[in-house]
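K.L.:
model this:
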Amino acid sequence: MDTISPIKLDFNNTEIAFRGKSDKDLNKAYWLFKMVASNALIKIGTPITNFSLNIGLPIQGIIKNTIYRQFCGGESIADCNRAIQELGQGNVTTILDYSVEGEDSEESFEECCAEILRTVETAKQNPLISFCVFKPTGLGRFDLLAKIDAKETLTEAEKAEYQRLWDRCDRICRACHEAGIRVLVDAEHSWIQDTIDDIAREMMEKYNREKPIVYNTYQLYRADKLASLKADFAYAKTAGFHLGAKIVRGAYMEIERERAKENGYPSPIQPNKQASDTDYNQAIHFCLDHIDQIGLMAGTHNEQSCRILAEEMENRNIPHNLPNVFFAQLLGMSDNLSFNLAAAGYNVAKYMPYGPVKAVMPYLFRRAQENTSVGGQTGRELSLIIKELKRRKSVRK
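P.N.:
Below you'll find the predicted structure:
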């Protein structure tokens, strides 16, 4: 396989980044990111929007045509098809992500499992869908996972409840194994993560014998997760299976720090951003050192980390399209990374959340809040949109 890039990697190439966007699309995105840039607006807007939705005020149309349209594929799998095809035109694949949150009944857990299994069936028929994904708290009760993590004794009813959660995870992973579709196990809060790690490890040991199918998620903004990655690989090597590793920085920093302070234990979060960046980039090197036995997904909006991974692959003569290496970003964000990496021949996937507007609002608000908290993210998006609109205007003269 060719290791030479067909197009020089340039994350400032806005022509490639926004090739699939009309002027109208870019202008909408510009005003949306301008709005997101206001911390005050996000803080005030979140409770007001939730309240309005809960009492039935007709604001769903506004949400659907703004923040929802930017970050979500649609309300159903079928609705996502257009967005999947649009990404595919830029050689970017899709991770179908059923993003309904906040449900807490056995019936809702079964419905969530059935929906994720439908994403697997869809992926079997569509090569533009490269991964499926599930969030363990979509399949079982958060407080149950917390109780197990805290090493508390379970009642017989709780043991049966945990078995049902485990079985749902197993049904999804088994379906993915049979279909040859990769599946990501999302990371969650630190006080339930050990139990999730145990489940993911069991699924990897069961289904990753021939190749990486199940991927656990390592949040490198936690001080202990580079060590976890290395320990899991050592176990995988001994037990004879491939490790699947999705590496991210993390999504719950403020919550983690506040809880640690309230409960009087050391924060699991890195002392500063530099420490997170260092561990993330070390994780890239570690995975590439063992890439014949590790499936790596680098989930990141950090330009430097993307460049480090791309350049390391080049330096090590690793083919750009090696199936064991993927870059990933969120739909609606960092198109300059996604489409320029894809144009240079690398494997790239976009997380594509979907679900009814009201049900995915917790996800959308988290995305908006992350955009305001990640240093320079919103400003970067705005500057690239402005650059592309100016470029188009000059070309038309």
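K.L.:
now name the helix or strand holding the spatially most central residue of the chain.
P.N.:
Computing the C-alpha centroid of the chain and ranking residues by Cα atoms, centre = their mean puts Tyr351 first, at 5.5 Å. Using DSSP states H and E, Tyr351 maps to strand 348-354.
K.L.:
packing partners for that strand?
P.N.:
Under the contact criterion of 3 or more Cβ pairs under 8 Å, 6 or more residues apart in numbering; DSSP states H and E, strand 348-354 touches helix 81-89, strand 93-98, strand 129-134, strand 325-330, helix 335-343. All C-beta atoms are positioned from the backbone trio N, CA, C, and that covers glycine.
K.L.:
about what we covered before: please report how far the residue nearest to the centre of the chain lies from Ser130.
P.N.:
With distances defined as Cβ to Cβ, to the nearest Å, the gap from Tyr351 to Ser130 amounts to 11 Å.
K.L.:
what do the two both touch?
P.N.:
Residues within reach of Tyr351 and of Ser130 at once, by Cβ atoms under 8 Å, 6 or more residues apart in numbering, are Ile95.
K.L.:
ok, the residue nearest to the centre of the chain - contacts?
P.N.:
Applying Cβ under 8 Å, 6+ apart, we find Tyr351 in contact with 95, 97, 133, 299, 328-331.
K.L.:
what's the most distant pair in the residues you listed?
P.N.:
Val133 and Gln329 (14.0 Å; Cβ to Cβ).
K.L.:
about what we covered before: kindly reformat the helices and strands packed on strand 348-354 as a markdown table containing mean pLDDT, mean neighbour count and distance to Ile116.
P.N.:
Output for the helices and strands packed on strand 348-354, formatted as a markdown table (pLDDT from 0 to 100; neighbours: other Cβ atoms under 10 Å; distance: least, Cβ to Cβ, whole Å):
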| stretch | mean pLDDT | mean neighbour count | distance to Ile116 |
| --- | --- | --- | --- |
| helix 81-89 | 97 | 16 | 17 |
| strand 93-98 | 97 | 25 | 6 |
| strand 129-134 | 98 | 24 | 5 |
| strand 325-330 | 97 | 23 | 18 |
| helix 335-343 | 98 | 25 | 24 |
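K.L.:
out of these, which comes closest to Ile294?
P.N.:
Closest among the helices and strands packed on strand 348-354, once you apply Cβ to Cβ, is strand 325-330, at 9.3 Å.
K.L.:
before we move on, back to that, redo the helices and strands packed on strand 348-354 as JSON lines? Include distance to Leu384.
P.N.:
What follows is these, written out as JSON lines (distance: least, Cβ to Cβ, whole Å):
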{"stretch": "helix 81-89", "distance to Leu384": "18"}
{"stretch": "strand 93-98", "distance to Leu384": "22"}
{"stretch": "strand 129-134", "distance to Leu384": "25"}
{"stretch": "strand 325-330", "distance to Leu384": "13"}
{"stretch": "helix 335-343", "distance to Leu384": "5"}
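K.L.:
of all those, which one is nearest Phe71?
P.N.:
Nearest to Phe71, of those and by Cβ to Cβ, is strand 325-330 at 6.9 Å.
K.L.:
surely Gly332 meets Thr66?
P.N.:
No. Between Gly332 and Thr66 there is no contact, the gap being 11.1 Å when judged by Cβ atoms under 8 Å.
K.L.:
more neighbours: the two, which one.
P.N.:
For Gly332 versus Thr66, the count of surrounding residues by other Cβ atoms under 10 Å is larger for Gly332: 24 against 16.
K.L.:
okay, the more buried one: pLDDT?
P.N.:
As predicted, Gly332 sits at a pLDDT of 91.
K.L.:
and it, helix, strand or coil?
P.N.:
Here Gly332 takes the coil state, with states given by DSSP: H, G, I helix; E, B strand; the rest coil.
K.L.:
please report how far it lies from Cys132.
P.N.:
With distances defined as Cβ to Cβ, the gap from Gly332 to Cys132 amounts to 20 Å.
K.L.:
low-confidence ranges, the stretch 1-150 of the chain, go.
P.N.:
When the per-residue scores of the stretch 1-150 of the chain are filtered using pLDDT under 70, the ranges that remain are 1-7, 38-61, 102.
K.L.:
now the nearest residue to Gly138 once chain neighbours are set aside: which helix or strand?
P.N.:
Spatial nearest neighbour of Gly138, chain neighbours left out: Cys112 (4.3 Å); criterion: Cβ to Cβ, 6 or more residues apart in numbering. Following DSSP H and E, one finds Cys112 within helix 106-125.
K.L.:
ok and that helix relative to helix 81-89, angle-wise?
P.N.:
When axes from the mean of the first three to the mean of the last three Cα atoms, to 10 degrees is applied, the directions of helix 106-125 and helix 81-89 differ by 40 degrees.
K.L.:
same for helix 106-125, what does it pack against?
P.N.:
Here helix 106-125 touches strand 93-98, strand 129-134, helix 156-179, going by 3+ Cβ pairs under 8 Å, 6+ apart.
K.L.:
in a markdown table, list these along with distance to Tyr252.
P.N.:
As requested, these are exported to a markdown table (distance: least, Cβ to Cβ, whole Å):
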| stretch | distance to Tyr252 |
| --- | --- |
| strand 93-98 | 17 |
| strand 129-134 | 17 |
| helix 156-179 | 20 |
